[in-house]
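K.L.:
What follows is a predicted structure for the sequence shown.
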Amino acid sequence: KQEVTQIPAALSVPEGENLVLNCSFTDSAIYNLQWFRQDPGKGLTSLLLIQSSQREQTSGRLNASLDKSSGRSTLYIAASQPGDSATYLCAVSYGGATNKLIFGTGTLLAVQP
Amino acid sequence: NAGVTQTPKFQVLKTGQSMTLQCAQDMNHNSMYWYRQDPGMGLRLIYYSASEGTTDKGEVPNGYNVSRLNKREFSLRLESAAPSQTSVYFCALSRAYEQYFGPGTRLTVT
């Protein structure tokens, strides 16, 4: 069964710290991987999309890496800020006509001022 | 959530009632999706539509029907709501394999 796991489920860090969120997937034949942010009571905001042929993507203070062979991705957040507090979700697609996403259950991040 | 709108934002139903969740996009893309989000379960695909007039079942389609009458709109219908359908429902679209989500509808079935 294709599954996505995110560890830890929750993380609390002081402001300014660099941090890493982890995502692992059981079937390494992914087409792409997408990281999202979700604020309480809100929808999902796409942060980064990594195609299977790529090793990493960067956007501002965010850097996502992908290691298909080991079934892992990490989201690195540099110099964290209280405004980064949210739930971060990882999702993988195996392509095809559907391009449906299989989601992890997320990491709840709290950045303390 | 720019580009994908959902109505209503909140809804309370009694068991057995019916309702339709509406989703509309202004991005002129073919693929649209309905997901539900439950605590501890993540988001799960209910139905998707690859293009106008076509729909297919996802992981958890039981108890739902969908309609894609035009490219812009994709609706989700609950014919006879059950407490197990209490959830947050998200509509999404796919552009160049990146998915964009609407703000969600929070549904409670009592």
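P.N.:
Happy to help now that I have it. Numbering: from 1, shown residues only, chains lettered A, B, ... in the order given.
K.L.:
Might one say that A:Thr105 is in contact with A:Gln6?
P.N.:
Yes: taking contact to mean Cβ atoms under 8 Å, the distance of 6.1 Å between A:Thr105 and A:Gln6 places them in contact. All C-beta spots, glycine's among them, are computed from the backbone N, C-alpha and C.
K.L.:
Centre of the chain to stretch B:19-29, how far?
P.N.:
Computed by Cα atoms, centre = their mean, to the nearest Å, the chain-centroid distance of stretch B:19-29 equals 9 Å.
K.L.:
For chain A, which residues are neighbours of chain B?
P.N.:
Within reach of chain B by Cβ under 8 Å from any Cβ of the partner chain, chain A has these residues: A:4, A:31-32, A:34, A:36, A:41-46, A:49, A:51, A:89, A:91, A:93, A:95, A:97-101, A:103-106.
K.L.:
give me the number of residues near the closest residue to A:Gly95 other than its chain neighbours?
P.N.:
Sequence neighbours aside, A:Tyr31 is the residue nearest to A:Gly95 in space, at 3.2 Å (criterion: Cβ to Cβ, 6 or more residues apart in numbering or on different chains). Other residues near A:Tyr31 number 14, with proximity taken as other Cβ atoms under 10 Å in any protein chain shown.
K.L.:
shouldn't A:Tyr31 be in contact with A:Ser52?
P.N.:
Yes: with the criterion set as Cβ under 8 Å, A:Tyr31 and A:Ser52 qualify as a contacting pair; they are 5.6 Å apart.
K.L.:
The residue nearest to the spatial centre of chain B is in what secondary structure piece?
P.N.:
Nearest to the geometric centre of chain B sits B:Trp34, at 3.3 Å (Cα atoms, centre = their mean). Counting by DSSP states H and E, the secondary-structure element that holds B:Trp34 is strand B:32-38.
K.L.:
what do you get for B:Met27?
P.N.:
Remark: B:Met27 resides in no helix or strand, with elements defined by DSSP H and E.
K.L.:
show me what contacts it?
P.N.:
For B:Met27, the set of contacting residues under the criterion of Cβ atoms under 8 Å, 6 or more residues apart in numbering or on different chains consists of B:3-4, B:93, B:95, B:100.
K.L.:
Of these, which are in range of chain A?
P.N.:
Checking these against chain A by Cβ under 8 Å from any Cβ, the ones in range are B:Tyr100.
K.L.:
Out of the contacts of B:Met27, which end up buried?
P.N.:
Neighbour-count burial (16 or more other Cβ atoms under 10 Å in any protein chain shown) applied to those gives B:4, B:93, B:100.
K.L.:
what's the closest of the residues you listed to chain A?
P.N.:
The shortest gap between chain A and any of these belongs to B:Tyr100, at 6.3 Å (Cβ to the nearest Cβ).
K.L.:
list the contacts for the closest one?
P.N.:
For B:Tyr100, the set of contacting residues under the criterion of Cβ under 8 Å, 6+ apart consists of A:46, B:1, B:3-4, B:27, B:92-94.
K.L.:
Looking at these, spot the one nearest B:Arg44.
P.N.:
Sorting the contacts of B:Tyr100 by distance to B:Arg44 puts B:Ala92 at the head of the list, at 12.4 Å, by Cβ to Cβ.
K.L.:
So what's the residue count around A:Ser53?
P.N.:
One way to gauge burial is a neighbour count; for A:Ser53, by other Cβ under 10 Å, it gives 9.
K.L.:
Next, the residue at the greatest distance from the centre of chain A: phi, psi?
P.N.:
Summary for chain A: using Cα atoms, centre = their mean, the residue whose C-alpha lies farthest from the chain's mean C-alpha position is A:Ala97, with a distance of 23.4 Å. In this entry, A:Ala97 is assigned phi and psi values of phi -70, psi -30 (degrees, to the nearest 10).
K.L.:
Kind regards, and thank you for your time.
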